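Enquirer: Here is a sequence together with a model predicted from it:
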Amino acid sequence: MIPVFEQKATGSVGYSFPEFQARFLDICAEHRASGRALAFAFLLLDVDTPEFIKMLRDPDYWRALDQLAGRYLSVFSLMTHQPQSEYKRESREMAAIGPVADPGMKVQLILNSYFGLDGKVDLPAVLLFQVAENKVSGYCLLQLRADTIEPAFNEVRDILRDLADALEKTETAGRSDPQASFDAIKNRLRKRKAVRVAKNGLKVLSELKDVLGLAGGVV
């Protein structure tokens, strides 16, 4: 668990937001090198998505998502309040960023600096990405749809569980080849898209571009 605070107390565990922003790529590289993650994600939230913010404040929901991410995904989330968790423990891979006064503004700083996303990103969303050779080598943007707390948890849980499973199945290759891990994510997202079509029919076909925005070579 790695907290990132707008103002970090001297001697406390974690990072200040300016330090995190400046060392973002190094932090991701360190996670891969130490075996803490195969790929990365941001939960992109703002003040207009209180159901997701409340969900992440709940310690039980937080622990469940943390456990799912495991050693496969390091998940960062800009939050207005800290989840009640054991911040001195850094064995888990969900990374809390908070508290911040305006998480939407902080999100945009990261998106502009490292992803080249200058335009408006519809929130809430999950930004899945890979880092290689000191840069973001690819990303996928997955829109979140839930509008109450319990469905918000279920939606994020299902995504993390699915992607952790995909990364686990390619772990050997992914440890030495970042692209192998990102390919596993892209392939699983394609399958998720197919499942949504199979379950929901033509209505979803017309919404696929809204449901799943893709970059890094995914079509």
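Expert: Yep, that arrived. Numbers count the residues shown, from 1 in each chain.
Enquirer: now this structure, which segments are flagged as low pLDDT?
Expert: 1-15, 78-104, 194-219 (pLDDT under 70).
Enquirer: the strands in it, which residues?
Expert: Assignment of strands within the chain using DSSP state E yields the ranges 4-5, 15-16, 39-44, 73-78, 94-97, 125-132, 135-143, 212-214.
Enquirer: Let me know which of those is the nearest to residue 161.
Expert: The closest of the strands of the chain to residue 161 is strand 73-78. By CB to CB, the value is 10.4 Å. The way it works is simple: take the backbone N, C-alpha and C, and place the C-beta from them, glycine included.
Enquirer: looking at it, residue 74 is touching residue 42, isn't it?
Expert: No - if you go by CB atoms under 8 Å, residue 74 and residue 42 don't touch, sitting 9.9 Å apart.
Enquirer: Which residue comes closest to residue 178 once chain neighbours are left out?
Expert: residue 132 (4.1 Å; CB to CB, 6 or more residues apart in numbering).
Enquirer: I should have written residue 109 there, sorry.
Expert: residue 21 (6.1 Å).
Enquirer: So that neighbour sits against residue 108, correct?
Expert: No - with contact defined as CB under 8 Å, residue 21 does not count as touching residue 108 (11.4 Å).
Enquirer: For the residue nearest to residue 109, give its distance to residue 69.
Expert: Noted for residue 21: a distance of 22 Å to residue 69, by CB to CB, to the nearest Å.
Enquirer: More neighbours: which of those two?
Expert: The neighbour comparison of residue 21 against residue 69 (other CB atoms under 10 Å) goes to residue 69, with 21 against 15.
Enquirer: Okay, helices next: where are they in this structure?
Expert: Taking DSSP state H as the criterion, the chain carries its helices at 17-33, 50-57, 59-69, 103-110, 149-169, 171-176, 178-200, 202-205, 208-211.
Enquirer: most tightly surrounded among those?
Expert: helix 50-57 (a mean of 21; mean count of other CB atoms under 10 Å).
Enquirer: can you pull the alpha-carbon coordinates of it into CSV?
Expert: Extracted in CSV, the C-alpha atoms of helix 50-57 (Å, rounded to 0.1, in the frame of the first residue of the first chain):
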residue,chain,number,x,y,z
PRO,A,50,-19.2,10.1,-5.1
GLU,A,51,-20.3,6.5,-5.3
PHE,A,52,-16.9,5.3,-6.3
ILE,A,53,-15.1,7.6,-3.8
LYS,A,54,-17.4,6.3,-1.0
MET,A,55,-16.8,2.7,-2.1
LEU,A,56,-13.0,3.2,-1.9
ARG,A,57,-13.3,4.8,1.6
